[in-house]
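**Q** mind looking at a prediction? Sequence and model below.
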Amino acid sequence: MGDNAFLNWFERRGGTYAKDLIGLQDFPDTGRGAVALKDIDEDETLFEIPRDLVLSTRTSELPGLLEKEDWESLGSGWASLIVCMMWEEAKGPEGKWGDYFASMPTAFTTLMFWSDEELAQLKGSTILKKIGKSEVEADYLEKALPLITRRPDLFPPAVIAEQYSLERYHINGSRILSRSFHVENWTGKDENQESDEGSEGPDEMDVDDSKASDDEDEEREDTADVGMTPFADMLNARHGCNNARLFYEEQMLKMISTKRILRGEQIWNTYGDPPNADLIRRYGYVDFVPTEDGGLGNPSDVVEICADIAVKLVDAGELEQRVDFFLEEGGDDVFVIEAGDDTLPEDLIVFLRLLLLSPSEWRKAREKESLPKPKPDVESLKLAGRVLEERMKEYPTTIEDDEALLQQDIPRNLRNAVIVRLGEKKILRKAVRVVDASLEELAHKGGKDKKRKRGNKKEDGAGKKLRR
Ligand SMILES: C[S@@+](CC[C@H](N)C(=O)[O-])C[C@H]1O[C@@H](n2cnc3c(N)ncnc32)[C@H](O)[C@@H]1O
């Protein structure tokens, strides 16, 4: 379906947009997006979406047609919204969201749809543990399908294979993941109520996600607040480019320019600037923009380090108890280093120092319920260096290999995988340099301290002499 059919539908259903200011267009790098048709000032309203045009479990008619028990059998994840979407879409062009569905993608470049060979290119990145494909399939088989087959009056058996298949379930789940917004009920309290962090964009669009059910943040969101938001979900995003933002009012959601946008420029939303690993998982693309080190990448990249790596490197007693103690005291078993970090994460230092405590120090720490201070010393820095080295070994290729690959003409998914793993490895390399510099600094300081001590001794002696 062309963009015009979508725009006509949008207006017919009560949406409005500034026709003289914006249009929809295909961009070579990002696909379809919104474009400024002439220079747009800051604070201009670009389009307005009536709240009842947001498709959610609140606005779909399906929940009202189901017994409470049936509805609740779908659980608190995304299964309920996915089933609502499949049911609304099955109504075809006559349905309330007919042309909207027709405008949405049915093919995705997100990790859920990568082959095993393609996923193997991400070896080393912890994102592989967060795809959640089997959880989605379990949701479909254990929650959605039993309900669908129980109610032939609502889900005609003749169309199940076409409209309610696992494939359709995946497609709608992926639409939620990459296009939904967090839309709470209007409380009247907050004039400019916005969704949570990154609200402005799909998925930071902050959504719970039955697919990535291992992602706690996503799990916590109330599914009723997850809304498919026509037109707002036509905006693409790029790190550092956003120039429009969704504002939440009582009757309407309004997309408003947040800076001057020149004619021909793309209108960008933000998806909350996630790292590339999350961008590829949720949205199927990566950011490759200029970074502080003069290269290209995603300034929001992170690398995750599992605590296990450090535990395996240490030869000390009661290691399991030390890890449990760390977790009880609020620590996590995954440490995150960010691209912009110039020091090691404090929780990592604390953890390493905890592992290195002598038996008597460890006993004392536990008695006092007090973790070591996040002050790196020689031993913890040396251990940090070994941890980073081991973590780097989890990637089968080197930074140089990846940089060479990026010079070649390679398939899109491979290219994106290389960009993800390269970004993570560069953070590790930087962290190794931080460790080396800190060790050097400590050695230098140690040398000076020794000198000072020797000097003090001499002075002491001289003083004594004088006093004599
Ligand atoms: C909310 S939709 C944006 C509209 C979408 N381009 C469309 O045609 O409907 C999010 C999707 O747009 C695409 N996208 C957004 N920003 C992009 C970017 N910077 N580079 C490549 N693709 C991007 C990705 O496919 C992503 O999953």
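**A** Received it, and whenever you're ready, just let me know what you need. This is a predicted model, so every value here is computed, not measured. Numbering: from 1, shown residues only.
**Q** quick check: residues of the stretch 201-350 of the chain near the ligand?
**A** Residues of the stretch 201-350 of the chain that fall close to the ligand, judged by C-beta under 6 Å from any ligand atom: 202, 233-238, 283-285. Placement of C-beta: from N, CA and C, glycine included.
**Q** assign the residue of the stretch 51-200 of the chain found nearest the ligand to helix, strand or coil.
**A** Going by C-beta to the nearest ligand atom, the ligand is nearest to residue 178 of the stretch 51-200 of the chain, at 3.7 Å. Three-state secondary structure (criterion: DSSP: H, G, I helix; E, B strand; the rest coil) places residue 178 in helix.
**Q** model confidence score at the nearest residue to it once chain neighbours are set aside, please.
**A** Using C-beta to C-beta, 6 or more residues apart in numbering and skipping residues adjacent in sequence, the residue nearest residue 178 is residue 283, 4.9 Å away. Listed pLDDT for residue 283 reads 98.
**Q** before we move on, which element is the closest residue to residue 403 other than its chain neighbours in?
**A** Nearest in space to residue 403, with sequence neighbours left out and distances taken as C-beta to C-beta, 6+ apart, is residue 422 at 7.0 Å. Taking DSSP states H and E as the criterion, residue 422 maps to helix 412-467.
**Q** count of neighbours near the residue of the stretch 51-200 of the chain closest to the ligand?
**A** Neighbour count of residue 178, defined by other C-beta atoms under 10 Å: 24.
**Q** name the next helix or strand downstream of the lowest-mean-pLDDT helix or strand in the chain, please.
**A** When the helices and strands of the chain are scored by mean pLDDT, DSSP states H and E, helix 216-220 comes last with a mean of 52. As assigned by DSSP H and E, the chain's next helix or strand after helix 216-220 is strand 226-228.
**Q** torsion angles phi and psi at the residue nearest the centre of the chain?
**A** Geometric centre of the chain, nearest residue: residue 278, 4.1 Å, by C-alpha atoms, centre = their mean. When quoted as degrees, to the nearest 10, the phi and psi of residue 278 stand at phi -80, psi -40.
**Q** contacts only, for it.
**A** residue 127 (C-beta atoms under 8 Å, 6 or more residues apart in numbering).
**Q** could you measure from it over to residue 114?
**A** As judged by C-beta to C-beta, to the nearest Å, residue 278 and residue 114 stand 15 Å apart.
**Q** same question for residue 385.
**A** From residue 385 across to residue 114, the span is 33 Å (C-beta to C-beta).
**Q** neighbour count for these two, which is higher?
**A** For residue 385 versus residue 114, the count of surrounding residues by other C-beta under 10 Å is larger for residue 114: 22 against 17.
**Q** give me the pLDDT value at that one.
**A** Predicted confidence (pLDDT) for residue 114: 98.
**Q** could you list which residues are in contact with it?
**A** Applying C-beta under 8 Å, 6+ apart, one finds that residue 114 lies in contact with residue 413.
**Q** pLDDT below threshold where in the protein?
**A** 1, 189-220, 447, 449-468 (pLDDT under 70).
**Q** domain-wise, how is it divided?
**A** Using automatic domain parsing, the domain parsing of the chain gives 3-284, 296-451.
**Q** isn't residue 170 right up against residue 136?
**A** Yes. Between residue 170 and residue 136 there is a contact at 6.6 Å, judged by C-beta atoms under 8 Å.
**Q** what sits closest to residue 374 if chain neighbours are left out?
**A** Residue nearest to residue 374 in three dimensions, not counting chain neighbours: residue 346, with 3.6 Å by C-beta to C-beta, 6+ apart.
**Q** what does residue 71 give?
**A** residue 63 (5.4 Å).
**Q** which neighbouring elements make contact with the host helix or strand of that neighbour?
**A** Secondary structure assignment for residue 63, by DSSP H and E: helix 62-65. Applying 3 or more C-beta pairs under 8 Å, 6 or more residues apart in numbering; DSSP states H and E, we find helix 62-65 packed against helix 79-89.
**Q** counting contacts, what elements does the helix it packs on pack onto?
**A** helix 62-65, helix 98-103, helix 166-179.
**Q** tell me the buried residues in the longest one?
**A** This points to helix 166-179. Neighbour-count burial for helix 166-179 flags 168-179 (criterion: 16 or more other C-beta atoms under 10 Å).
**Q** same list (the residues you listed) but as TSV, adding distance to residue 309.
**A** Output for the buried residues of helix 166-179, formatted as TSV (distance: C-beta to C-beta, whole Å):
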residue	distance to residue 309
168	41
169	36
170	33
171	37
172	38
173	32
174	32
175	37
176	34
177	30
178	32
179	36
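**Q** ok, of those, which one's closest to residue 254?
**A** Taking C-beta to C-beta as the measure, residue 254 lies nearest residue 179 of these, at 18.2 Å.
**Q** what sits against residue 11?
**A** residue 17.
**Q** that one - that's part of a helix, no?
**A** Yes. The assignment for residue 11 is a helix, going by three-state DSSP.
**Q** now do it against the ligand, distance only.
**A** Shown here: residue 11 relative to the ligand, a distance of 18 Å by C-beta to the nearest ligand atom, to the nearest Å.
**Q** between residue 170 and residue 136, which contacts overlap?
**A** Applying C-beta under 8 Å, 6+ apart, one finds that residue 170 and residue 136 are jointly contacted by residue 112.
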